[in-house]
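Visitor: What would the 3D arrangement of this be:
(one chain, ligands or ions: 2)
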Amino acid sequence: MIKAGIIGATGYAGAELARLLLDHPEVTIAGASSVSYEGKRLAEVYPAYEQFTDVVCTGEDEVIDKSDVVFAALPAGLSQPLAKKTLAAGKKFIDLGADFRLESESAYEKWYGHRWEDPALQAEAVYGMPEFFRASIKGARLVANPGCYTTAVPMAVAPLVVNHWLVDYPITCDCKSGITGAGRQLTESTHFPVINEGCHPYKIASHRHTPEMEQTLTKLAGHITEVTFVPHLIPVNRGILATCYMTLANSRTAQALHDLYRQFYADEPFVRVLPEGAVANIASVRYSNLCDVSVHFDPHTNTVITVSAIDNMVKGAAGQAIQNMNIIFDLPETTGLLHLPPAF
Ligand SMILES: NC(=O)C1=CN([C@@H]2O[C@H](COP(=O)(O)OP(=O)(O)OC[C@H]3O[C@@H](n4cnc5c(N)ncnc54)[C@H](OP(=O)(O)O)[C@@H]3O)[C@@H](O)[C@H]2O)C=CC1
Ligand SMILES: CC(=O)N[C@@H](CCC(=O)OP(=O)(O)O)C(=O)O
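Guide: Ligands and ions are numbered 1, 2, ... in the order given. A predicted model of the protein is given here:
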């Protein structure tokens, strides 16, 4: 069995990792860390886990000592020293935060306000989006797991970007997120009466996921690819919906667009390209590692509109991290991750 440790186990992403790892047939949870709840059982923090785990929250070093693979689900800036310690101890490190995602130190400093502590470690980190970068994840010691919006948007647009079917950049990305995307800490802007019955655009054209999306899409396209990204908070617990608008370089039929998407994702176990006429919806991917993608065409303006839906806690965080772990440990990629979403 693989011994997995979770640093930041009491946060939303850490707790979701625990839920999924408890269901993974090749893993035991060897340790979980918390500063606020040190000495408490994780099931005391999350009563839903009572009788499923006895794991007790400890300090970070104890988790690293006991684990073969360490997942970190911490606020930005805290993972760098932990990754160094974990790798020095001969173990693997998967970071759910942003400390190793950006390939430019100045971009990391600009958007996250921290410096790189060890450029060699940054150079070693691989970006953990299996659908696009699977080969580099195999054998990696340090994986930067993508953010939630930065998973949903590339999934929605990659077939068109990779095959150079688009004429117009930037790509317009209109995204919605469930409230768990903001983490467990209560803030004024995530308070129930503020969120409930609303739909709040925020950080319009100034969100820190913009450079991360552009980094991924630029790699896939082979040339600079920009996005105009507007996130919105909506009153649901889970889910990211990305609606992306793009202009085609040449006129294409709706059939050709569907064929392109179906072929591109044909071998991807977690991507469902929906039949023509169906529309991706966050309700249909809840609690699963699935990404639903639907493709739509407006012949009047030669605009293609694609919609992707993921669960931000699963494919947008903990599930994708476990998918990366499966690849690193040479397990079938779907191990412990094939959960059917509830129908309603
Ligand atoms: N929520 C989401 O949908 C997604 C989140 N992520 C990323 O995952 C990471 C965790 O996010 P999320 O779970 O939402 O955040 P939460 O705020 O819910 O949890 C943060 C965790 O970090 C711990 N923590 C906070 N400050 C410190 C500190 N100074 N030292 C040690 N531990 C600390 C907290 O533990 P305690 O108080 O118990 O010590 C808690 O376990 C972030 O980097 C986030 O960007 C990525 C994709 C999606
Ligand atoms: C709703 C909400 O607040 N979402 C978060 C993104 C969550 C995420 O993916 O976090 P990181 O990429 O920072 O790890 C935000 O907008 O910053």
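Visitor: Please see if the helix or strand bottoming out on mean pLDDT in the chain touches ligand 2.
Guide: Within the chain, confidence by mean pLDDT, DSSP states H and E is lowest for helix 192-195 among all helices and strands, at a mean of 94. No. Against ligand 2, helix 192-195 shows no contacts by CB under 6 Å from any ligand atom, the least distance being 9.9 Å. Where you see a C-beta, it was placed from the backbone N, CA and C, and this is true even at glycine.
Visitor: quick one: buried residues of that helix?
Guide: residue 195 (16 or more other CB atoms under 10 Å).
Visitor: starting at the chain centroid, how far to it?
Guide: In terms of CA atoms, centre = their mean, to the nearest Å, the centre of helix 192-195 is found 25 Å from the chain centre.
Visitor: Kindly report the same for stretch 233-241.
Guide: Chain-centre distance of stretch 233-241: 14 Å, with CA atoms, centre = their mean.
Visitor: Quick check: buried residues in that stretch?
Guide: 233, 236, 238-241.
Visitor: check those residues against ligand 2, which are close?
Guide: Within those, those near ligand 2 by CB under 6 Å from any ligand atom are residue 233.
Visitor: Tell me the strands beside the next helix or strand after the least confident helix or strand of the chain, with direction?
Guide: As assigned by DSSP states H and E, the chain's next helix or strand after helix 192-195 is strand 200-201. Partners of strand 200-201 in the sheet, by DSSP bridges, are strand 227-233 (antiparallel).
Visitor: Tell me where this protein has strands.
Guide: Counting by DSSP state E, the chain has strands at residues 2-7, 27-33, 57-58, 69-72, 92-95, 126-127, 142-144, 171-177, 200-201, 227-233, 240-247, 271-273, 291-298, 303-310.
Visitor: In the stretch 101-250 of the chain, which residue sits closest to ligand 2?
Guide: The nearest approach of the stretch 101-250 of the chain to ligand 2 comes at residue 147, 2.6 Å away (CB to the nearest ligand atom).
Visitor: residue contacts, the closest residue to that residue other than its chain neighbours?
Guide: Closest residue to residue 147 apart from its sequence neighbours, by CB to CB, 6 or more residues apart in numbering: residue 209 at 5.4 Å. Contacts for residue 209 (CB atoms under 8 Å, 6 or more residues apart in numbering) come out as 147, 149-150, 229, 231.
Visitor: Distance of residue 209 relative to residue 164?
Guide: 24 Å (CB to CB, to the nearest Å).
Visitor: Please apply the same query to residue 223.
Guide: Residue 223 is 9 Å from residue 164, by CB to CB.
Visitor: Can you give the domain ranges for this protein?
Guide: 2-146+315-328, 149-311 (automatic domain parsing).
Visitor: The last one close to ligand 1?
Guide: When you say that, I think you mean domain 149-311. Yes. Where contact is defined by CB under 6 Å from any ligand atom, part of domain 149-311 touches ligand 1, namely 180-181, 183-185.
Visitor: can you tell me which of those residues are up against ligand 2?
Guide: Among these, ligand 2 is touched by residue 181 when using CB under 6 Å from any ligand atom.
Visitor: so can I have CSV of the strands of the chain showing mean pLDDT and distance to residue 107?
Guide: As requested, the strands of the chain are exported to CSV (pLDDT from 0 to 100; distance: least, CB to CB, whole Å):
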stretch, mean pLDDT, distance to residue 107
strand 2-7, 98, 25
strand 27-33, 98, 29
strand 57-58, 98, 34
strand 69-72, 98, 20
strand 92-95, 98, 17
strand 126-127, 98, 14
strand 142-144, 98, 13
strand 171-177, 98, 18
strand 200-201, 96, 23
strand 227-233, 98, 14
strand 240-247, 97, 21
strand 271-273, 98, 28
strand 291-298, 97, 25
strand 303-310, 97, 24
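Visitor: What residues does the closest residue to residue 24 other than its chain neighbours make contact with?
Guide: Nearest non-adjacent residue to residue 24, counting by CB to CB, 6+ apart: residue 336, 3.2 Å away. Counting by CB under 8 Å, 6+ apart, residue 336 makes contact with 20-21, 23-27, 322, 326.
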